[in-house]
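J.: give me a 3D structure for the following:
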Amino acid sequence: MQLADLTTYAPAKINLGLHVLRRRDDGYHDIDTVFVAIGWTDRLTLRLEEDGPPVSMTCSDRSLPTDESNLCVRAAMALRGAVEEARDGRHEGADALPPVHIHLEKHIPHGAGLGGGSSNAAAVLRGLSKLWSVDAAAIGLEALAARLGADVPFFLDPVPSRATGIGEKLEPLGMAAPSELPFHWTVIVVVPDIRVSTAEAYRLVTPNNVDRPDLAQAVTTYPPAAWRGLVENDFEPVIARRHPEIAAIRRQFEAEGAHYSAMSGSGSAVFGIFQIGSEEAYSAYINIRNAFPGARTWVGTTVIS
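T.: Sure thing, here's the model as predicted:
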C-alpha cells in the first residue's frame, strides 16, 4: 500500500570555466569553477510504501542501473542510515522509516558533464527529507551530500556558485535580487554521441595553479562576450583533440552569434549563451540541431533562484 508520494525535479548544470589547479595527495584534484543550473531536468517520483525493500528503484532509461550502484539508491540508503543512527543516539523509540520506491524519468544525458547523476541524488535527499520529516541540520545533509559526490552539495540549493576544493566547497554568487544576477540567459546545449570518461579527462589534463584568472570575478564583472581568454575549461583542449566534433560545435555556436560557448565539465556537452528570449537564440537552436542531427540538443534558460 502506498503511504505518501512526492514528485520533484533535478536540474542539469553547466560550468562557467573550469581550472584544474593541482593533484592532491588523495588522488583527487583541486579545481576552481562556477556552477550555474539550467532548466533541463529529470523528474523523480518518491513513493513511501507500507512494505517492501528499504529502497527500490525503476528508471525510464533501461541502460541505467537501478541497484546500489545508482546514486539515487545510494542517496536514499545513506539518508536512511543517518536518520536511524541519529535516532539510536537519542534512544528514540520512533517507528522505523517506511520503505521508499524511486522512479526516475530520465531526460538529462548521463556522462556528459551536466551533473545529472549528482542532481538526481540531491533531489532524493531533498525529497526524502520532506517525506521522512528529517531535520536536515541535525542530520548534516550537506556533509552527507558531499560524501556521495563532489557535485551533489551544489544541487541541494542550485544557485549560481563558485566551487573549489574537489567541487564541494561552495560560495554562492548571489546579488541583491534575482533580476540583478548576471546569469539570466537563454542556453543551448549540444550533447554529441561521444562518451568522455572523467577519470580519463583528469589523466589527460595538466594541472596549473599559476597566474589563473579569477573565474568568479570574471563571470560576475564582465558580460559573456568579454570572457574569451578569462573563462576557460582546462579539459576542453585535450578532449577536443580526441573528439574534433566538440570543436566543430563550438565553431557553429560562434557562427550563430553565441555570446560565449564552451564545453561543460569534462564533456562531452557543449553549451552556448544567448540573450534571454532572443529570436537569435531560437534561430541558432534550429540551425545547430540541423547541423548536428546525431546529437541531443536542448534550449532553455538558466535557473538562478
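J.: if I look at residue 67, how far off is residue 58?
T.: Separation of residue 67 from residue 58 (CB to CB, to the nearest Å) stands at 12 Å. Every residue, glycine included, has its C-beta placed from N, CA and C.
J.: repeat that for residue 183.
T.: 34 Å.
J.: those two: which has the busier surroundings?
T.: The neighbour comparison of residue 183 against residue 58 (other CB atoms under 10 Å) goes to residue 183, with 24 against 12.
J.: go ahead and confirm the more buried one touches residue 36.
T.: Yes. Contact status for residue 183 versus residue 36: in contact at 5.3 Å, counting by CB atoms under 8 Å.
J.: give the buried residues for the helix or strand bottoming out on mean pLDDT in the chain.
T.: Lowest by mean pLDDT, DSSP states H and E among the helices and strands of the chain is helix 136-139, with a mean of 86. Residues of helix 136-139 classed as buried under the neighbour-count rule (16 or more other CB atoms under 10 Å) are residue 139.
J.: what does the helix or strand just after it rub up against?
T.: Once the chain leaves helix 136-139, the next helix or strand it forms, by DSSP states H and E, is helix 141-148. Contacting residues not belonging to helix 141-148 are listed as 71, 74-75, 78-79, 82, 118, 121-122, 125, 129, 134, 152-153, 155-156, 168 [CB atoms under 8 Å, 6 or more residues apart in numbering].
J.: what does whichever helix or strand comes after helix 141-148 rub up against?
T.: For helix 141-148, the following helix or strand on the C-terminal side (DSSP H and E) is helix 152-156. Applying CB under 8 Å, 6+ apart, the external contacts of helix 152-156 come out as 10-11, 13, 35, 37, 71, 75, 115, 118-119, 121-123, 125-126, 141-142, 145-146, 161, 163, 167-168, 170.
J.: taking these one by one, which sit in helices?
T.: 71, 75, 118-119, 121-123, 125-126, 141-142, 145-146 (DSSP state H).
J.: export those to JSON lines and tack on pLDDT and neighbour count?
T.: Shown next, in JSON lines, are those (pLDDT from 0 to 100; neighbours: other CB atoms under 10 Å):
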{"residue": "71", "pLDDT": "97", "neighbour count": "21"}
{"residue": "75", "pLDDT": "98", "neighbour count": "28"}
{"residue": "118", "pLDDT": "97", "neighbour count": "24"}
{"residue": "119", "pLDDT": "98", "neighbour count": "28"}
{"residue": "121", "pLDDT": "98", "neighbour count": "29"}
{"residue": "122", "pLDDT": "98", "neighbour count": "28"}
{"residue": "123", "pLDDT": "98", "neighbour count": "27"}
{"residue": "125", "pLDDT": "97", "neighbour count": "27"}
{"residue": "126", "pLDDT": "96", "neighbour count": "23"}
{"residue": "141", "pLDDT": "94", "neighbour count": "20"}
{"residue": "142", "pLDDT": "93", "neighbour count": "16"}
{"residue": "145", "pLDDT": "96", "neighbour count": "25"}
{"residue": "146", "pLDDT": "94", "neighbour count": "20"}
